[in-house]
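Chemist: My questions concern the predicted model and sequence given below.
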Amino acid sequence: MTPALLSTHDLSLGRGDRVLVSELSLTLHAGSVLHLKGRNGAGKTSLLEVLAGLRAPVSGRVERPEGGLHWLGHKNALNPDLSVIENLRFWCALQGAEGAATVQALDRLGLSRLRHRPARTLSAGQKRRAALARLLAVPRKLWLLDEPLSALDAEGLLRFAEIIDEHLAKNGAALVTSHQPLPVIDERLTVLELAR
Ligand SMILES: Nc1ncnc2c1ncn2[C@@H]1O[C@H](COP(=O)(O)OP(=O)(O)OP(=O)(O)O)[C@@H](O)[C@H]1O
């Protein structure tokens, strides 16, 4: 059995007086991906925020990997006035990862040609790709990704599939929310559907 990269123990969370998740215990192992599904408002983002440590649960606890994790929220968190590569370098510097492989990361997302363009001039899908490039610039074992496929075209989906595949092969793990099927269709994928 590969090591656990994320575990929850009797985790409950809510918004206001609404319970969204009740006593969830799950384990995400290295080399696996969990597709978190559920209708609008079911609580996927709220759960991801608790897993990332950005929001407190009502009860229960979360065990995360040493060495940190990647969190990609709905927002791309790009500074509109910096170029694509400046944005990535700035983010790497915040992570203490100066000299990270930013050019290669942008190349993997098909953004080489656009790397000196101000982020504000990118299309929605190009901005999503620029945010995804962070996953490659700094290695982290655990990826928590909220709707990473939003705005990606067919070619972007293929690139995402390749990136996830490599990440799992290197004993990484990912928890991904998406309203569309994930481009990983084998025994490495499990699905959790929030019921509400
Ligand atoms: N800032 C907030 N204050 C109060 N309630 C909120 C807030 N943000 C979200 N909620 C509520 O919490 C519930 C869960 O929201 P959440 O964003 O986690 O759902 P989701 O499953 O990610 O939805 P979607 O598929 O639309 O992204 C929803 O009912 C929503 O109305």
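Modeler: Ah, there it is.
Chemist: Can you give me the buried ones in stretch 88-106?
Modeler: Leu88, Arg89, Trp91, Cys92, Ala100, Ala101, Thr102, Val103, Ala105, Leu106 (16 or more other C-beta atoms under 10 Å). Where you see a C-beta, it was placed from the backbone N, CA and C, and this is true even at glycine.
Chemist: Next: stretch 47-60.
Modeler: Of all the residues in stretch 47-60, those buried under the rule 16+ other C-beta under 10 Å are Leu47, Leu48, Glu49, Val50, Leu51, Ala52, Pro57, Gly60.
Chemist: Phi and psi next, for the residue nearest to the spatial centre of the chain.
Modeler: Nearest to the mean C-alpha position of the chain, counting by C-alpha atoms, centre = their mean, stands Leu145 at 2.1 Å. With angles defined as degrees, to the nearest 10, Leu145 sits at phi -120, psi 120.
Chemist: and what of Leu142?
Modeler: phi -110, psi 130.
Chemist: Which helix runs longest in this structure?
Modeler: In the chain, with assignment by DSSP state H, the single longest helix is helix 154-169.
Chemist: immediately after it, which helix or strand?
Modeler: As assigned by DSSP states H and E, the chain's next helix or strand after helix 154-169 is strand 173-177.
Chemist: packing partners for that following strand?
Modeler: strand 4-15, strand 18-29, strand 33-37, helix 44-52, strand 142-146, helix 154-169 (3 or more C-beta pairs under 8 Å, 6 or more residues apart in numbering; DSSP states H and E).
Chemist: if you set the cut-off to 7 Å instead, what comes out?
Modeler: On a contact count with 3 or more C-beta pairs under 7 Å, 6 or more residues apart in numbering; DSSP states H and E, strand 173-177 meets strand 4-15, strand 18-29, strand 33-37, helix 44-52, strand 142-146.
Chemist: Which of those has the highest mean neighbour count?
Modeler: Using mean count of other C-beta atoms under 10 Å, the stretch among these with the largest mean neighbour count is strand 142-146, at a mean of 23.
Chemist: returning to that earlier point: residue contacts, the residue nearest to the centre of the chain?
Modeler: Leu72, Ala174, Val176 (C-beta atoms under 7 Å, 6 or more residues apart in numbering).
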